[in-house]
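Colleague: sharing a model prediction with you, sequence too.
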Amino acid sequence: MLFNLKLKFILFFLLISSKFLLSQEIATSIFNSLKFGKGFEFIGESRKKQKKEYFENFSDVRIFIPKTTVGFRIEYSKPPEYGLDFVGLKKKYVEFESYGLNFRAGDFYTLFARGLSLNLFENRNLAFDNGMEGIRVKYENDFLRAQLVGGDLNFFEPLSLYLLTNRIEKYKIRAGSIEISPVKNLTLGTNYVWSEGKLPGLISQFDTIEVNIPEFFIKSRLGSLDLFVSYAIKRTSLGGKDTAKGSGLYTSLSYSNEGFGVTFEFKDYRFDIVDPLRKSDPFRPTRTLPFQNPPIVHKEHLFSLTQRNPHVVDFNDEVGFQFDAFFNLSDGVNLNANFAMASRHFDFELNQTTFQYEKKKIGSDLVPSLNKLRSPFWEIYLELEYFFPNNSDSYLRFGINRRSETTNDQMNFYNPIQPLRLTTFPLEIQYVWSDKISSKLISESQWVFHFPQSEKYYNHLLAASTTLNSMITFGFRFEFTTNKFEEENRKNWLVVEGGMRISTNHTLIITYGKERGGTVCSNGICRQVLPFDGFRLSLSSNI
């Protein structure tokens, strides 16, 4: 297949180009990441304790020749910290760039507009990788930006990692994007994605789907005002017959001036609104597909406890908005304020005569609702940052976070309404004592009301570290809870950690102790982190 470029093509390219390479000025870059861990994990409600040991090494190599880059990754993950075993050569590519033209053959990632139709990226911590293998061609000048991609995506679904069979979905993708700027500060664009997918089925070995996603967008800048609007339509054909139709709308409006900035974002994702029975299947073929990843439209937090119970975006059925504002109150004093709200579009009601779920409209489906039947989510976050006078690297950061989320799970006949309420106060202080010594202290307090036990409990995290000569760091992280339902039946966790910069190119980090589990998310992709007791080591090198 034209787009199915395998290792032999790369090796052949390097072989026939060897004389050319030797005659040119060549630069290289190698980034190596090594991770090792040994200890125990706790799995499931039974709090089963099992041994956990992993060893990973990633070597990303790039060879720079004038106008040409050759890259590849040598990976050893056996077993990995999270994901599938792999030993061998990965992420191989050849890339050429000249006069606004960029051509890449091999493995690649890319983004169309804001990701409603195509967003390819990798997150190793979440075992998420939707990168394609094929060809990408880009061209750009002052008037025009265009991109064509074609190839294959073999996607491992991370949600299936603990199932009996790992789920691999195979997609053939052809896509294009074009943007034009007819006048200054105005851009009009359109994207189109076609894909044929083979998905593991319940009855047959594979279900075949065909997907078409046209998208239209506009970008404009008027002085300090920036506007972006994008709309995508998704049509899915199953086995050449039944067609499902969905859509997605995203818009953002931002204003910035000296000492002040505000951004408003709105989402209306209707890519696959289905009844509760079909919704319970996370792998249904009509859902938002792995190569789509629109903006989440709520704040992704940095503090540990504010990350612990995140809002998991439903790209198939969610409408919402976000306000984010930044204020420079005075010299060295900044305020960040954020408010987000979202919900599903409809409720569903079971018809007692037909025993079919029927869509039930509650309020306007064009805006989010606080009605508990539409699974509402809202969050308020305020953060004050103060920089100490005459010490610009020393600061105090204090936040207030209030979050409320109610899930209407109609497949749970006993407790369909499932509330979660969190109030969190994070505090971070960093102080530079001299050119050689600095310290950091983090304290986070959190009160939780959580379904299903209707339980109220308290979490607290305390972390402290000291850095010497900008090279050696040592500290600890301590966390405790009054929750009676932790997976490993524990009330506190303590981790000691140390780090060292070896020259300017190598960073070593070692941790030992007991780590609490929880859900972690990035860009709307989430996974469950299991509690871990033991030793971890990581070494990053950039040569």
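Modeller: On my side now, so go ahead. Quantities reported herein were computed from a predicted structural model and do not represent experimental measurements.

Colleague: wait, isn't Val149 in contact with Gly131?
Modeller: No - in this structure Val149 lies outside contact range of Gly131 using Cβ atoms under 8 Å: 11.1 Å. C-betas here are computed from N, CA, C, even on glycine.

Colleague: need the overlap of contacts for the two.
Modeller: Common contacts of Val149 and Gly131 (Cβ atoms under 8 Å, 6 or more residues apart in numbering): Phe108.

Colleague: more neighbours: the two, which one.
Modeller: Remark: of Val149 and Gly131, Val149 carries more neighbours, 23 against 18, as counted by other Cβ atoms under 10 Å.

Colleague: helix, strand or coil for that one?
Modeller: Following DSSP: H, G, I helix; E, B strand; the rest coil, the label given to Val149 is strand.

Colleague: is it bridged to anything, and to what?
Modeller: Beta bridges link Val149 to Arg136, Ala175, judged by DSSP bridges.

Colleague: Phe108 too?
Modeller: Assessed by DSSP bridges, Phe108 has beta-bridge partners Met132.

Colleague: ok, how many other residues are close to it?
Modeller: Using other Cβ under 10 Å, the number of residues around Phe108 comes to 18.

Colleague: same question, Ser33
Modeller: 17.

Colleague: mind listing what it touches?
Modeller: Residues in contact with Ser33 (Cβ under 8 Å, 6+ apart) are 56-58, 538-541.

Colleague: how many other residues sit next to Val490?
Modeller: I think there's a mix-up here, since residue 490 is Arg and not Val. 16.

Colleague: contacting residues around it?
Modeller: 514, 531.

Colleague: and it, helix, strand or coil?
Modeller: Secondary structure for Arg490, judged by three-state DSSP, is coil.

Colleague: kindly report the same for Leu396.
Modeller: Following three-state DSSP, the label given to Leu396 is strand.

Colleague: element containing the spatially closest residue to it that is not a sequence neighbour, please.
Modeller: Distances taken as Cβ to Cβ, 6 or more residues apart in numbering place Tyr386 nearest to Leu396, at 4.7 Å, with adjacent residues excluded. Applying DSSP states H and E as the criterion places Tyr386 in strand 377-387.

Colleague: so the residue nearest to Leu396 sits against Leu427, correct?
Modeller: No - look at Tyr386 against Leu427 with Cβ under 8 Å: they stay out of range, at 11.5 Å.

Colleague: what residues are shared contacts of these two?
Modeller: Common neighbours of Tyr386 and Leu427 (criterion: Cβ under 8 Å, 6+ apart): 396-397.

Colleague: the bottom helix or strand of the protein by mean pLDDT?
Modeller: Least confident helix or strand of the chain, by mean pLDDT, DSSP states H and E, is helix 7-16 with a mean of 45.

Colleague: residues of the strand holding Tyr386 that come out buried?
Modeller: 377-379, 381, 383-387 (16 or more other Cβ atoms under 10 Å).

Colleague: repeat for stretch 109-122
Modeller: Going by 16+ other Cβ under 10 Å, stretch 109-122 has these buried residues: 110, 112-121.

Colleague: shaky segments in this structure?
Modeller: Counting by pLDDT under 70, the chain shows low-confidence ranges at 1-24, 44-47, 202-204, 240, 452-454.

Colleague: domains in it, by residue range?
Modeller: Domain assignment for the chain by automatic domain parsing gives 1-93, 109-254.

Colleague: so for Ala325, which of these sits nearest?
Modeller: Ranking the domains of the chain by proximity to Ala325 (Cβ to Cβ) places domain 109-254 first, at 10.2 Å.

Colleague: before we move on, the earlier item: of the contacts of Ser33, which belong to helices?
Modeller: Among the contacts of Ser33, DSSP state H puts none in helices.

Colleague: same list, these, but as a markdown table with distance to Val262 and neighbour count please.
Modeller: Listed next are the contacts of Ser33 as a markdown table, based on distance: Cβ to Cβ, whole Å; neighbours: other Cβ atoms under 10 Å:
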| residue | distance to Val262 | neighbour count |
| --- | --- | --- |
| Glu56 | 42 | 21 |
| Asn57 | 45 | 16 |
| Phe58 | 40 | 18 |
| Ser538 | 38 | 17 |
| Leu539 | 42 | 17 |
| Ser540 | 37 | 15 |
| Ser541 | 41 | 16 |
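
Colleague: hmm, which two among those residues are most spread apart?
Modeller: Using Cβ to Cβ, the pair of these lying farthest apart is Glu56 and Ser541, separated by 13.9 Å.

Colleague: what about the helices in the stretch 201-350 of the chain?
Modeller: Applying DSSP state H, counting those that start in this stretch to the stretch 201-350 of the chain gives helices spanning 276-279, 304-308.

Colleague: number of nearby residues for Leu461?
Modeller: Neighbour number of Leu461 under other Cβ under 10 Å is 22.

Colleague: same check, this time on Tyr192
Modeller: The number of residues packed near Tyr192 is 18, by other Cβ under 10 Å.

Colleague: so it sits against Phe216, correct?
Modeller: No - assessed by Cβ under 8 Å, Tyr192 is found out of contact with Phe216, at 9.9 Å.

Colleague: which residues do those two both contact?
Modeller: Contacts common to Tyr192 and Phe216, judged by Cβ under 8 Å, 6+ apart, are absent.

Colleague: stretch 142-160: how far from the chain's middle?
Modeller: Using Cα atoms, centre = their mean, to the nearest Å, the mean C-alpha position of stretch 142-160 is found 16 Å from that of the whole chain.
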